[in-house]
Every structure is written in C-alpha cells, then in structure tokens.
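test case, fold it:
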Amino acid sequence: MPRSSAADAAKTARAILDHARSLLAEHGFAGVSVDDVARSVGVSRGAVYHRHRTKQELFAAVAEELQLQVGEEVLRAAETGGADTDQQLRRGCHAFLDAITEAPRARILLLDAPSVLGWARWRRMDAENAAAHLKEGLGQLGYSGRLQEAATAQLSGAMNDAALWIAEGGEERDARRRAAHEMLDRLLDAVTDAGGTDTSLQGPRSAH
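Numbers count the residues shown, from 1 in each chain. So this is what the prediction gives:
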C-alpha cells in the first residue's frame, strides 16, 4: 500500500473511533447505528464494517480504548505519590473514580458496556487496566496471594459500583462524587491500616 494510502486509512480508522465515541457518549449504544457513525465521519457504511465486523465490535473497540485511557490516568496519578506506597494507592484510586465518571466515558463504560459486551468481557477489560494497577499497588503495601486477590476484587468492585452510583446521579452527581471520595478514603484507611497479613489460615472468624 502506498504511503499516502496507508496514512489515509489510518486517518479514517481514527476518525471512525473518535466519531463513534462521541455518538455513543451522547446517545448510548441503542441510540446509535453504524449508518450514524458512517455519516458522521463522511464514509460509507462498508468502510466502518471493513474495520469492525459488527456494531458490537465497534463499541468494544471504543470501550477498550477508553479503559486503556483510564488505566493510564490511574498510573500517572499513582506516580505522583513518589516513594510513598500509601499515597500511590490513594491517588490512583481517587483518579480512577474521577476518570471513569467523566461524561464521555461514564455512559459507555459504566452504563452500556456490561450489557453490550457481557459481564465477563467487561470485567476482563477492567482487570487488564485499572484493576491491574490496583493489584500492583496493594502488592507494594505488602498484600500477596489470596489476600491480595480478595482486596483487589473487593476494592475494585466497590469503586466500580460507586462510579455507577455517581454516573446515575443526575443533578446530584457532584454531591455524590464528593461523598464517594470521602468514603473511598475511609475504605483505604482500613486497607492500609490492616496491611497485607493473611489471617485466612488462622481458622474461621468467631461469631459475635
């Protein structure tokens, strides 16, 4: 393929994803067709299908790119904590809550992705990005083995649920965001105070 043609193809592919993201963020998966995306870009429907076999796969490409962006923002925020592993974890977690609830991302990643992609695929996308950084941060605090996996699953689940709660807040979004950040700090206090000691081998917890 000549260099100019390859550049044009790459430009078209980029435009399809960008326009699809904007339309999906505004109208949701059910409110956007492949024809809508093609018209917005100024290409034929076949040009979209050439790159994405189905509307679901186009949505997946958009969602995966957004998840990658969230993961990168989490990592950058964690790095501002310097050598303080507690601050790395806190800054990364708070950055996740803000990044995933931004207007262009919230509808796609939180409201539509679980149903469009299926729960298993959505969780795998999260596990490969933001949750992977969370697991690493917990490891730096001394968590390992089953306890590290449990802490990652529970913290990630709590943050994803809080993010969905924020996204569905309407006029209360800002108030919900503030409350979620405050509650997140309380959860992280417990996580960092407890450390990574695995008590699961000490027998069942006594009933109260």
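
every contact and neighbour count from this point should use C-alpha atoms.
OK.

report the central residue of this protein.
Among the residues of the chain, the smallest C-alpha distance to the mean C-alpha position (C-alpha atoms, centre = their mean) belongs to Gln67, namely 4.4 Å.

isn't that residue right up against Arg124?
No. Between Gln67 and Arg124 no contact is recorded; they are 10.7 Å apart, counting by C-alpha atoms under 8 Å.

what residues are up against the residue nearest to the centre of the chain?
With contacts defined as C-alpha atoms under 8 Å, 6 or more residues apart in numbering, Gln67 is in contact with Leu109, Met125, Asp126, Asn129, Ala130.

repeat for His19
With contacts taken as C-alpha under 8 Å, 6+ apart, His19 has the following neighbours: Val37, Ser40, Val41.

got the contact list for the closest residue to Arg76 other than its chain neighbours?
With C-alpha to C-alpha, 6 or more residues apart in numbering as the measure, Gly92 is the residue that lies nearest to Arg76, at 7.8 Å, once sequence neighbours are left out. Listed by C-alpha under 8 Å, 6+ apart, the contact partners of Gly92 are Val74, Leu75, Arg76, Ala77, Ala78, Leu134.

select from these every entry located in helices.
When DSSP state H defines the helices, the subset of these inside them is Val74, Leu75, Arg76, Ala77, Ala78, Leu134.

how many neighbours does Gly28 have?
Burial measure for Gly28: 16 neighbouring residues, criterion other C-alpha atoms under 10 Å.

backbone phi and psi for it, please?
The phi/psi pair for Gly28 (degrees, to the nearest 10) reads phi 80, psi 160.

spit out the contact partners of it.
Arg107, Ile108, Asp112.

who wins on neighbours among those residues?
The residue in these with the most neighbours, by other C-alpha under 10 Å, is Ile108 (26 neighbours).

you'd agree that residue is up against Leu23?
No. Contact between Ile108 and Leu23 fails when scored by C-alpha under 8 Å: they sit 10.1 Å apart.

and the chain, what are its domains?
9-53, 55-195 (the TED database).

reformat these as CSV; add mean pLDDT.
Conversion of the domains of the chain to CSV gives the following (pLDDT from 0 to 100):
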stretch, mean pLDDT
domain 9-53, 96
domain 55-195, 93
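
for the helix or strand hosting the residue nearest to Arg76, what is the distance to the chain centroid?
Under the assignment given by DSSP states H and E, the secondary-structure element containing Gly92 is helix 85-100. Computed by C-alpha atoms, centre = their mean, to the nearest Å, the chain-centroid distance of helix 85-100 equals 12 Å.

same deal with stretch 51-64?
With C-alpha atoms, centre = their mean, you get 16 Å for stretch 51-64.

thinking again about what came up before, gap between the residue nearest to Arg76 and Phe29?
According to C-alpha to C-alpha, to the nearest Å, Gly92 and Phe29 sit 29 Å apart.

and what of Asn129?
As it turns out, when the distance is counted by C-alpha to C-alpha, Asn129 lies 22 Å from Phe29.
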